[in-house]
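> Fold the stuff below for me.
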Amino acid sequence: MMNKTVLKTKELLDLFLDCERLTLPEMVERLRMPKTSVYRMAQSLVVLGFLQKRGDYYELGLAFLTFGALVAERLDIRRAALPVMKRLKEETNEAVNLVIRDGDEALYIEKVETSEPVRVYTKVGRRAPLYAGACPRVLLAFMDKADRERYLEQVELVKIAKHTVTDKEALRRLLEEDRDRGYTVSYSELENYSAAVAVPIFNHEGAAVAGLSVAGPEQRFSPDDVARIVPRLKQAAMDISRELGFRGKG
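Next up, the predicted model:
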């Protein structure tokens with residue numbers, strides 16, 4: 001059953017699809033609701049940033065810009081990435097994952113599965129901590145330094161698989177190494193006997209907005225395998241970054 005308060009709030013916000021700004025009496029008239037109820041909803045939305053008040057008028061708030069930009073960016077990343085991911089899968093014959101940061105977690109938003117019978121299963125929608133696994137960790141490695149340190153100060157490193165990094169100083173050293181060489185490698189950090197190599201994807205502002213990884217069983221990720229995968233992976237990430245407007249050298 002739909003929550004009535006949420007439905008009424010949506011009805012109020014829907015008014016601004018046709019009207020750039022509205023007074024409280026105008027909202028009350030259109031919604032046919034008690035004035036006190038409309039006022040409380042409007043004030044709550046102002047506090048949350050979904051509405052802003054200028055004099056007697058209410059209009060949409062800046063919070064919608066943030067959410068709208070995120071939705072557009074995430075859709076653009078998936079659209080730009082999928083053809084490149086399919087090509088990369090054919091080149092490596094391993095699963096290819098696309099991950100973005102969602103708060104203090106990594107969120108898997110796209111995947112191209114390998115045709116190999118022995119594989120690592122990762123579904124779209126999976127969440128993982130930023131410190132564990134090559135693809136989540138590449139987001140952490142290329143995060144703004146102040147944000148990264150703030151995250152490291154407050155996060156609790158929990159052992160998820162046999163090689164999950166649980167020492168913060170060791171993790172800091174690993175992140176610096178990852179950033180210097182431009183890619184991350186993991187073995188049994190999120191799942192035992194799994195391995196992955198990941199690189200960042202950059203947007204038009206030069207910010208790392210996603211991670212692209214090739215993943216599979218550990219036995220197929222020897223140092224020679226990694227050396228073969230990395231150039232292809234970096235090229236794929238650069239192709240996607242170019243589609244997002246990135247003009248740097250990587």
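
> hey, C-alpha coordinates of stretch 107-115 in CSV?
The C-alpha trace of stretch 107-115 is given here as CSV (Å, rounded to 0.1, in the frame of the first residue of the first chain):
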residue,chain,number,x,y,z
LEU,A,107,27.3,0.0,-6.4
TYR,A,108,27.5,-2.4,-9.3
ILE,A,109,25.4,-0.9,-12.1
GLU,A,110,26.3,-3.0,-15.2
LYS,A,111,27.9,-6.3,-16.0
VAL,A,112,28.8,-8.3,-19.1
GLU,A,113,29.1,-12.0,-18.1
THR,A,114,31.9,-14.3,-19.3
SER,A,115,31.1,-17.4,-21.4
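
> Show the model's pLDDT score for L212.
We have a pLDDT of 97 for L212.

> ok now do it, which residues does it touch?
Listed by Cβ atoms under 8 Å, 6 or more residues apart in numbering, the contact set of L212 reads 81, 85, 88, 96-99, 135, 198-201, 233, 236-237, 240. Where you see a C-beta, it was placed from the backbone N, CA and C, and this is true even at glycine.

> One more: E105?
Contacts of E105 (Cβ under 8 Å, 6+ apart): R127, A128, P129, L130, P136.

> Out of those, who's the most crowded?
P136 (28 neighbours; other Cβ atoms under 10 Å).

> which residues does it contact?
V99, E105, A106, A128, P129, L130, L190, G211.

> For the strand or helix carrying R242, enumerate the helices and strands it packs against.
Under the criterion of DSSP states H and E, R242 resides in helix 223-243. Applying 3 or more Cβ pairs under 8 Å, 6 or more residues apart in numbering; DSSP states H and E, we find helix 223-243 packed against helix 63-92, strand 194-202, strand 208-217.

> Which elements pack onto the shortest one?
The elements that strand 194-202 packs onto, with contact taken as 3+ Cβ pairs under 8 Å, 6+ apart, are helix 134-141, strand 184-187, strand 208-217, helix 223-243.

> Looking at those, which is nearest to G55?
In terms of Cβ to Cβ, the element of the helices and strands packed on strand 194-202 nearest to G55 is strand 208-217, at 37.7 Å.

> Kindly state the pLDDT recorded for E169?
95.

> can you check the one 10 residues further on too?
If you check R179, the pLDDT there is 94.

> residues in contact with it?
A141, F142.

> which stretch of helix or strand covers it?
R179 belongs to helix 168-181, assigned by DSSP H and E.

> so which of the contacts of P136 would you say is closest to R181?
G211 (14.8 Å).

> can you pull up the bridge partners for V197?
V185, V214 (DSSP bridges).

> Just give me the neighbour total for it.
27.

> Test my guess that A95 contacts T114.
Yes: between A95 and T114 there is a contact at 4.5 Å, judged by Cβ atoms under 8 Å.
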